[in-house]
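# pasting the sequence and the predicted model now:
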Amino acid sequence: AVFALLFVTVAGAASAAQFKWRVATNAPYSQVRPAVGPDGSVYAVDVFDNLIAVAPDGTELWRVANAGSKGVDVGGDGTIYTGNESWIKAFNPDGSLKWTYTQDPRAFVLIDVAVGPDGHIYAVASSGMGVFSLADGGPGNPILRWQTPEAYTRIFVGYTEIAFGLSTTPGCIQQLYFYANSHTRAVCLEDGSSIFELGGGNTRPKVSPVDNTWHRGDSAYSPDGVLQWRAEFPLFAGFTEPSLAWDGTHYTVVSGNELYALDLLGTVQWTAALNEVVGLPDVDPTKSVVIMPTSGLSTSPLALKAVSAVDGSPLWRIEFPADDSGLDQAISSGVAYSANGDTAYVMTFVSGVNKTYLNAVDTGQSGADTGSGAVDTGSGTVDMDQNGADTGLSSVVTGTDAVGTGSFNAAALAFLAGVMAIMRVFDIT
């Protein structure tokens, strides 16, 4: 077992964040956010194609080798899907292999593999098979539904994440989005037909669970790729990809150290000065907390910083401890949440040695549901060989100044109510 001493300083009595556990591995790093199953089990893969299952209390359930490294997701029946440039694999909840689908031709880069809202499996391969969909036909029986080309056109294409949403294209009910090869692309889930390709952006698209728009860090687009609004950020200010709450609130980090919250029309609701450089934001399912990795003194994030999703006020900051090698950890994945938002899962690694950790942090939130919506669970990359244990966490809270208000108009709300009714018909959240 691996033990670490961390400390948490909390802003306000309402939050009581603490480090719950971590699981160590002998992999160099983890790129992909962990995936949380229907029963709360957490799954992660590593760059060496190992897959691990961990119970919510940190108990390792099982691990398998030669699984996948470029995404992990969980179906409604508990089947775990992962893949790499050569294959897509399905595993039963007990870790036994259900089936293997061999990509032909092999991908140059596998962008991601994910379970769609219709229960089918979707993957994006730069070159190779391109965008393709599989049906799970049971043990030993993966079925190719369709495929469409996605040519490799730029120097570097790395791991990213697929997003899903409703379609407005005739004959198409749902569609997927991804960013690769210098464009954002949407493809119909039913037949693989291309909806649009839009250049630029350089961020993973995120889909609003309220009005079905898809978002870049500074803008929102209709499902057919038409610009709906663009935020007015400071001139020449950079911005991250967004995170979207269940009510459609759009969170983006601007200039590396200021969090913006935008409403459904792109109007700034508030901004919060973070007083340090942070990475991509991730909001929890209840819209209680926004968690961001910080940069520390190096180019890799070394801590998690949490602020209120309501007004940006500071909640806590958790610094990950040095490894037993004496080297600092860095954060290399997005944050995944438990269904009620009370636990955050994230991957860290130790540069220069083969050591990666799956970490669980109590967010200090009650988990009371203030609405309903979806949260990215993506996948996690971890080569795991040790269980972790409950350990404390070290934290300093940095001040946050929240300013600004936002508003909606009645017409927009009426429209959104209609959209949500349609979403309920298709059972999409």
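Looks like it came in fine. Only a predicted model underlies this, so the values are computations on that prediction, with no experimental measurement involved.

# what count of nearby residues applies to residue 339?
For residue 339, the neighbour count with other C-beta atoms under 10 Å is 15. Where C-beta positions appear, they are placed from N, C-alpha and C, glycine not excepted.

# hang on, it packs against residue 285?
Yes - at 6.6 Å, residue 339 counts as touching residue 285 under the criterion of C-beta atoms under 8 Å.

# show me where the stretch 101-250 of the chain has its strands.
Applying DSSP state E, counting those that start in this stretch to the stretch 101-250 of the chain gives strands spanning 109-115, 121-126, 131-136, 142-148, 163-166, 174-180, 183-188, 194-199, 206-207, 214-216, 219-221, 227-230, 243-244, 250-254.

# can these go into a markdown table with extra columns for mean neighbour count?
Listed next are the strands of the stretch 101-250 of the chain as a markdown table, based on neighbours: other C-beta atoms under 10 Å:
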| stretch | mean neighbour count |
| --- | --- |
| strand 109-115 | 24 |
| strand 121-126 | 26 |
| strand 131-136 | 21 |
| strand 142-148 | 16 |
| strand 163-166 | 21 |
| strand 174-180 | 24 |
| strand 183-188 | 22 |
| strand 194-199 | 15 |
| strand 206-207 | 22 |
| strand 214-216 | 25 |
| strand 219-221 | 22 |
| strand 227-230 | 14 |
| strand 243-244 | 26 |
| strand 250-254 | 24 |
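
# for residue 102, find the nearest of these.
Nearest of these to residue 102, taken as C-beta to C-beta: strand 142-148 at 9.4 Å.

# packing partners of the closest one?
strand 97-102, strand 131-136 (3 or more C-beta pairs under 8 Å, 6 or more residues apart in numbering; DSSP states H and E).

# CSV for those strands, including distance to residue 124 and mean pLDDT?
Converted to CSV, the helices and strands packed on strand 142-148 look like this (distance: least, C-beta to C-beta, whole Å; pLDDT from 0 to 100):
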stretch, distance to residue 124, mean pLDDT
strand 97-102, 15, 98
strand 131-136, 5, 98
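
# can I get those strands in CSV including distance to residue 125?
Converted to CSV, the helices and strands packed on strand 142-148 look like this (distance: least, C-beta to C-beta, whole Å):
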stretch, distance to residue 125
strand 97-102, 12
strand 131-136, 7
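
# run through the stretch 101-250 of the chain and note the low-pLDDT ranges.
155-157 (pLDDT under 70).

# give me the contact list for the host helix or strand of residue 88.
Per DSSP states H and E, residue 88 falls inside strand 87-91. Contacts with strand 87-91, where a contact means C-beta atoms under 8 Å, 6 or more residues apart in numbering, come from 51, 64, 67-68, 79-83, 97-103, 113, 121, 123, 134, 136, 142.

# pull up the pairing partners for it, direction included.
strand 80-83 (antiparallel), strand 97-102 (antiparallel) (DSSP bridges).

# what about stretch 51-63, start to end distance?
This stretch, stretch 51-63, spans 6 Å end to end (C-alpha to C-alpha, to the nearest Å).

# quick one: mean pLDDT over it.
The average pLDDT within stretch 51-63 is 97.

# same deal with stretch 342-352?
pLDDT averaged over stretch 342-352 gives 91.

# any idea how far that stretch is from the middle of the chain?
Distance of stretch 342-352 from its chain centroid, counting by C-alpha atoms, centre = their mean, to the nearest Å, is 13 Å.

# between the strands paired with strand 87-91, which one is closest to residue 162.
Short answer: strand 80-83, nearest of those by C-beta to C-beta, at 11.9 Å.

# hang on, the earlier thing: include distance to residue 266 when you put the strands of the stretch 101-250 of the chain into JSON lines, please.
Listed next are those as JSON lines, based on distance: least, C-beta to C-beta, whole Å:
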{"stretch": "strand 109-115", "distance to residue 266": "27"}
{"stretch": "strand 121-126", "distance to residue 266": "28"}
{"stretch": "strand 131-136", "distance to residue 266": "29"}
{"stretch": "strand 142-148", "distance to residue 266": "32"}
{"stretch": "strand 163-166", "distance to residue 266": "18"}
{"stretch": "strand 174-180", "distance to residue 266": "19"}
{"stretch": "strand 183-188", "distance to residue 266": "18"}
{"stretch": "strand 194-199", "distance to residue 266": "17"}
{"stretch": "strand 206-207", "distance to residue 266": "14"}
{"stretch": "strand 214-216", "distance to residue 266": "10"}
{"stretch": "strand 219-221", "distance to residue 266": "6"}
{"stretch": "strand 227-230", "distance to residue 266": "3"}
{"stretch": "strand 243-244", "distance to residue 266": "13"}
{"stretch": "strand 250-254", "distance to residue 266": "8"}
